[in-house]
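K.L.:
This is a predicted model, with the sequence first.
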Amino acid sequence: MNAPVRKIAIAVLVLFTLLILNANVIQVIQADSLRTDSGNTRVLIDEYSRQRGSIVVDGQPVATSVRTDDALQYLRQYPAGPLYAPATGYYSLIFGPSAIERTENDLLSGSDDRLLVRRITDLFTGRDPKGANVVLSLNPAAQQAAFDALQGVTGAAVALDPNTGAILAMASTPSYDPNLLSSHEPAAIRDYAAQLDAAEVDPRLNRATQDNFPPGSVFKTVIAAAALSDGYTPETLIPAPDVLELPGSSATLQNFGGSSCSGSEEQSLIDALTISCNTAFAQLGIDLGEERVREMAAGFGIDGTGFEMPLPVAPSQVGDIESEAALGQSSIGQRDVRLTPLHAAMIASCIANDGQLMSPYLVSEIQGPDLSALDEADPEVFSEPISADVANDLTTMMVSVVDDGSGQAAQIDGMDVAGKTGTAEVAEGVNPHTWFIGFAPADDPQVAVAVFVANGGSSESEATGGEVSAPIGRAIMEAVMGSTP
Amino acid sequence: MSAVMAAPQVAAAPPTRRNTELAMLAFACLLTVGAQSIVDLTVTGSLTVEVATFGASFTAIWAVAHLVVRKLAPYADPLLLPAVALLSGLGLVIIHRLDLAEQMDAGLDGDPMPGAQAPTQLVWALVGLVLFVAVLAVIRDHRTLARYAYTLMFVGLVLLAIPAVLPASLSEVNGAKLWILVGGFSIQPGEFAKVALICFFAAYLVDKRDVLSLASRRFLGLDFPRGRDLGPVILAWAVSLMVLIFERDLGSSLLIFGIFMVMLYVATERFSWVLIGLLMFMGGAYLAYQAFGHVRTRVDVWLDPFAYRDDAGFQIVQSLFGLGTGGLFGTGLGGGRPATVPFAKTDFIAAAIGEELGLFGLVALIVLFLLIVERGLRTALVVRDSFGKLLAAGLAFTLAWQVFVVLGGVTKLIPLTGLTTPFVSYGGSSLVANFALVALLVRISDAARRPAVVMAPKTDLFDAPTQIVKRTQDA
C-alpha cells in the first residue's frame, strides 16, 4: 500500500503548490487592482478615518470634514451647498470624488509626497494625520453674483483675473447639492443621484469646463485679431454686403434678422464688430484664409486639445472646414467651432492683458494642516497670440461694442467696459445660445468674463447675447471690482 | 556503511523526540501569546490582564496534551502537536481580532455589542483536549478500532443524517441544513461523522481489498474492477449526493466522496478506481449543476465573481479585496479591515489571515497544514499494519482535502463550497472533531515509531519484511 500513499503525498504537494501559486497571483500580481478597486471599501474607510483637508475660498471653508459618531469617522460637508459645487465637486461613498475633490485627492487625503515629512512626524508624535487644505482662487462675491445671475437658466459663467489667470468665478447652472452626494447613507445618495439622472440636463456637469458650445459672434474677436495682426486697422473698410453669397455653393449668409450692416455694403472693421456684422466677418475670414484663421485660433489655445487647470477642461476647436463656404460660416462662430465658457473667458483675458494669455488656475495655494503654505500658484503664460498693439486696437473695438453696439447692457458707470456678444444658432426651431465675453475696466483690466446661456436667445424676438448674457457679465464684473480694495 | 546497516538492530529504543516536541510547543505558545498582545496593542492600544489569562489557559491546554502524549504515546510524531497548536493559536488570535473589529463597528453604528467568541472557542479547545486525551487513553492500540467498523459506520451515517431529518428550525443555518441546534448550542455532527466514517472506510477496505483488487478486464492499459464490486463505491457516491441534496452542503459532500475514493485507491493500488471515481464525480457534479440553483450560482460566481459583486459574489469579492489589500506583508495584526468579509471567523478566516499577515502569513498557514499532512502520510508509510496505513493515509488526506477545498474556495482557485479551516476556524464541532482526528494520527504515529521489539505479535506477516527493508533504505 506504500506506492499509492507516496502518490497521494505527491498529489497533496501539487494541490498545495496550486494554493500557494494562486495566493501569489492574488496577493502580488492582482494586489494593486484589488486594493484600488472602487468596491474595496477598505481604502475608502481608511480615507474616511483621517480628517480630510478643507477646500477654502477667501479664508472660509467651502468643503470641510466634520467628525461624526458613525463607522465612517468624518463627514464631508459643503456649507454653501450648490454654490461652489462646480469647483469642489463631491466626495461620495458610492461615486468617489469629483472635481477638486478628485484632482487634489492626494493632498486632501494627506497621501501626497509634499506631506511626507509631516506624516512621519505624525507617526512619532502620535498626532492624528490630517490632509492638506486646498485654497481656491475664487472670489466669493463674484461666484455668488455669477450663481445668482444664472438662476433659472442653463448656463455657465467664468471670471478670470487677466493679469494672473486666477479663476475668480466659475458657476454652472442648474447646480446640485454636493452634501447630498457625500452623506454616509448609500440609499439617500442613490436616491439623490437618481433624481439628478432624471433631470433634463445633468446638474453635475460643469458647463464652464466640461462641455463646449458653438460660440457665435464671440468668435469674431479671434477673426478681428487675425486681421489686425495682418495689417488691418480698426478703420480699414471691409466689404459688408446685405447678403453674402458663399463661394462654391448656392447658400447665402445673412445678418441677424436679415438686417443690413451698411447702406454702402462696406464698413470699417470697428463698426463691423460693434454691430456684429455677420456678412463682413464671414467675408473677412474667407479673405484671411483658413490657415490664418486656424493659426490665430490655435494661438488662443483653440486647437482641439483640452488642458487641466487642474480640473480637466474639454477641448475648444475650430473644427473641420471643407470649403470656403464653411470657412465663412466658421468665421462667425458657427458650423463646427466650439468653445468652453472657460476658453471664451480666456480670449477676453488675453485681449485685456496686452496680448499675453495667462494660464487659468483654480488652486491658489496648498496649506499644510497647520495652515503653513506648502505650495503657491505661480502664474504662467499660456501663449502670446497677439501683440500689445493689436490687443489695444481690439480693446478699443470692444469698448465700442459696449458703448454703442450690441453689448450696451454690460455698461458700468464710471468706467469703460470692453465686450463682445454672441448668439449662436443651434438647430432649426431651437433657441440659440447666447454669449457675452468682456473685461473691465478697459484701461486697467481687473476682470475678464465669459457668460454662456444655453438656448437663452429667441429666434423670434431680438433676445441676443446682448440682452441675456451681457447683464450677467456686468453683474460679475461689478462684483469683482466692488470686492477688491 | 556497516555501522549504518547495524544501527536498526542495535538501537532497541530510538529517541522519542518528546523534548523536541516540548520545545516546539513552547515556541507555538509564545508566538500565539505574542500575536494576541500585538492585536490588543494595535486595536485597543493597551494590554490587559486578559492576555495573560488567555496565554496561561492556552499554554496549559498544550502542556496537558504534551504530558498525555509523553505518557500514552511516547513515540508519537513530535511535529503533529506543535503544528496543530500553532494553527489553533493563530485561529484564536484571529477570532479575537475579529471580535474586537465587530465590537468596534457595533460601537460606531450604535448597535448592540456582540459577544466575544474567542473565549468560547478557547472553551471548545479545552473540550477538544478532553476528547484528545480520551482517545489516547481509551484506544491504546489503533487496531482495536477495526473491530468496531460497522458500529462506526452506523454512528457516522446517523450523525450525517440527523440534520437532514430534523426540521429546518433545528438544523438550518444560512441555507445549509447541517446543524443540530439545541438550547443555544449548535453542533455540526458531520464533522464527527467524517472521523467515524474514515475509521469505517479503513477497516472495511482493508477487509475487502483483495476482492476489490480483483481485476476483470483490462481497458486502455488499466485493470478495471468487476461490476459487482462497484457496490460500495456507488453507496459512498449516493451518500455524498444525499448530503448535497438534503443538507445542501456542497463541501461535506465533496469531502466524503473524495476521501472514500482516495482510500479505495490506497487500499487496492488500482488507479482505475480513481478514474471511475472521477467519472462519477463529474456525473454527480453535472447532475447537481443542472438540478440545484445554489450549485449553479456557486459556479457562476466562481467564473466571474465581480459580475455578482453586490449579491451572490459579495463574499468572495470581499475576500479577494482583503487578500489584495494585504498584499505581500499584510496590514499587520489589527491593522486591516478583516470584518468586512462576511463569515470571516468561519469559512473565510483564511481571508482575514491573508489580509493582516499577508501572503507570508497565508503561505505559512498552508505550509503548516502541509507539514501535518505529510507527517500523517509518512506515518502511513512507516506503520506496519494495513489498517493503520489506510487509517493514517485517510486521516491525513482528509485534512489536506478539506484545506484545499476551503482555501481554494476562499482564494477563488475552485468554486466556493463552505467548509471550515481545520483548527483555525471558529466552531466547536470542527475543532473538537479535528482534535480527535489528530489524536488518532498521534496514536498511529506512536505505533509506527515504536521499536519493533515491543510490537504486539505481527498480524501482517506478508507486509512485515518489506517494511524493514524500506526502513533501512530510508534511514
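P.N.:
Received, thanks.

K.L.:
contacts and neighbour counts: CA atoms only from here.
P.N.:
Fine.

K.L.:
what about residue B:440, distance to chain A?
P.N.:
18 Å (Cα to the nearest Cα, to the nearest Å).

K.L.:
Just give me the neighbour total for that residue.
P.N.:
For residue B:440, the neighbour count with other Cα atoms under 10 Å in any protein chain shown is 24.

K.L.:
three-state assignment of it?
P.N.:
Three-state assignment for residue B:440 (DSSP: H, G, I helix; E, B strand; the rest coil): helix.

K.L.:
In chain A, where's the longest helix?
P.N.:
helix A:2-24 (DSSP state H).

K.L.:
then that helix to PDB, C-alphas only?
P.N.:
What follows is helix A:2-24, C-alpha atoms only, in PDB (Å, rounded to 0.1, in the frame of the first residue of the first chain):
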ATOM      1  CA  ASN A   2       3.000   2.300   0.200                       C
ATOM      2  CA  ALA A   3       3.100   3.100  -3.500                       C
ATOM      3  CA  PRO A   4      -0.300   4.800  -3.600                       C
ATOM      4  CA  VAL A   5       0.400   6.600  -0.300                       C
ATOM      5  CA  ARG A   6       3.500   8.100  -1.900                       C
ATOM      6  CA  LYS A   7       1.500   9.100  -4.900                       C
ATOM      7  CA  ILE A   8      -1.100  10.700  -2.600                       C
ATOM      8  CA  ALA A   9       1.700  12.600  -0.900                       C
ATOM      9  CA  ILE A  10       2.800  14.000  -4.300                       C
ATOM     10  CA  ALA A  11      -0.800  14.800  -5.200                       C
ATOM     11  CA  VAL A  12      -1.200  16.800  -1.900                       C
ATOM     12  CA  LEU A  13       2.100  18.600  -2.600                       C
ATOM     13  CA  VAL A  14       0.700  19.500  -6.100                       C
ATOM     14  CA  LEU A  15      -2.600  20.700  -4.700                       C
ATOM     15  CA  PHE A  16      -0.900  22.800  -2.000                       C
ATOM     16  CA  THR A  17       1.500  24.200  -4.600                       C
ATOM     17  CA  LEU A  18      -1.500  25.300  -6.600                       C
ATOM     18  CA  LEU A  19      -2.900  27.000  -3.500                       C
ATOM     19  CA  ILE A  20       0.300  28.900  -2.900                       C
ATOM     20  CA  LEU A  21       0.700  29.900  -6.600                       C
ATOM     21  CA  ASN A  22      -2.900  31.100  -6.600                       C
ATOM     22  CA  ALA A  23      -2.300  33.100  -3.400                       C
ATOM     23  CA  ASN A  24       0.700  34.700  -5.100                       C
END
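
K.L.:
for that helix, which positions count as buried?
P.N.:
Applying a neighbour-count criterion of 16 or more other Cα atoms under 10 Å in any protein chain shown, one finds A:2, A:4-6, A:8-9, A:12-13, A:15-17, A:19-20, A:22-24 buried in helix A:2-24.

K.L.:
Report the contact partners of the residue in the stretch 201-350 of chain A that chain B sits nearest to.
P.N.:
As assessed by Cα to the nearest Cα, chain B sits closest to residue A:204 within the stretch 201-350 of chain A, at 25.5 Å. Neighbour list for residue A:204: A:86, A:175-176, A:196 [criterion: Cα atoms under 8 Å, 6 or more residues apart in numbering or on different chains].

K.L.:
Where does it fall, secondary structure wise?
P.N.:
Secondary structure assignment for residue A:204, by DSSP states H and E: no helix or strand.

K.L.:
With residue A:170 instead?
P.N.:
Per DSSP H and E: strand A:167-173 holds residue A:170.

K.L.:
Paired strands for that strand, with orientation please.
P.N.:
strand A:155-160 (antiparallel) (DSSP bridges).

K.L.:
Pull the contacting residues for the residue in chain B that chain A sits nearest to.
P.N.:
Chain A sits closest to residue B:324 of chain B, with a gap of 4.0 Å, by Cα to the nearest Cα. Taking Cα under 8 Å, 6+ apart, we find residue B:324 in contact with A:26-28, A:30-35, B:355.

K.L.:
Which ChimeraX command selects the buried ones in those?
P.N.:
Buried residues among the contacts of residue B:324 (16+ other Cα under 10 Å), as a ChimeraX selection:
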select /A:26,27,28,30,31,34,35 /B:355
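
K.L.:
And the contacts of residue B:324, which is closest to residue A:274?
P.N.:
residue A:33 (57.7 Å; Cα to Cα).

K.L.:
ok, back up a step: okay, the very next helix or strand once past the longest helix of chain A in PDB with CA atoms only?
P.N.:
Downstream of helix A:2-24, the next assigned helix or strand under DSSP H and E is helix A:31-35. Output of helix A:31-35 as PDB, limited to C-alpha atoms (Å, rounded to 0.1, in the frame of the first residue of the first chain):
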ATOM      1  CA  ALA A  31      -3.000  43.100  -5.400                       C
ATOM      2  CA  ASP A  32      -2.900  46.600  -6.700                       C
ATOM      3  CA  SER A  33      -6.000  46.400  -8.800                       C
ATOM      4  CA  LEU A  34      -7.800  44.700  -6.000                       C
ATOM      5  CA  ARG A  35      -6.700  47.200  -3.500                       C
END
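
K.L.:
Next one: helix A:31-35, is it in contact with chain B?
P.N.:
Yes: using Cα under 8 Å from any Cα of the partner chain, helix A:31-35 reaches chain B at A:31-35.

K.L.:
would residue B:418 count as being in a helix?
P.N.:
No: Residue B:418: not assigned to a helix; according to three-state DSSP it is coil.

K.L.:
Could you verify my assumption that it touches residue B:254?
P.N.:
No: using Cα atoms under 8 Å as the test, residue B:418 is too far from residue B:254 to be in contact (10.6 Å).

K.L.:
In chain A, which residue sits nearest chain B?
P.N.:
Residue of chain A nearest chain B, by Cα to the nearest Cα: residue A:31 (4.0 Å).

K.L.:
And for residue A:369, nearest residue in space, chain neighbours not counted?
P.N.:
residue A:132 (5.1 Å; Cα to Cα, 6 or more residues apart in numbering or on different chains).

K.L.:
My guess is the one you found contacts residue A:50. True?
P.N.:
No: look at residue A:132 against residue A:50 with Cα under 8 Å: they stay out of range, at 11.3 Å.

K.L.:
Looking at the two, which is more packed in?
P.N.:
residue A:132 (31 against 20).

K.L.:
For the more buried one, grab phi and psi.
P.N.:
Backbone torsions of residue A:132, given as degrees, to the nearest 10, read phi -80, psi 160.

K.L.:
Kindly report the same for residue A:152.
P.N.:
phi 90, psi -10.

K.L.:
and what of residue B:342?
P.N.:
According to degrees, to the nearest 10, residue B:342 has phi -60, psi 150.

K.L.:
Quick check: buried residues in whichever strand or helix holds residue A:295?
P.N.:
Assignment of secondary structure by DSSP H and E places residue A:295 within helix A:290-299. Within helix A:290-299, the residues scored as buried using 16+ other Cα under 10 Å are A:290, A:292-294, A:296-299.

K.L.:
just checking, the residue of chain A closest to chain B touches residue B:327?
P.N.:
Yes: because the distance of 5.7 Å satisfies Cα under 8 Å, residue A:31 is recorded as touching residue B:327.

K.L.:
Doesn't residue A:64 lie inside a helix?
P.N.:
No: under three-state DSSP, residue A:64 sits outside any helix and is assigned strand.
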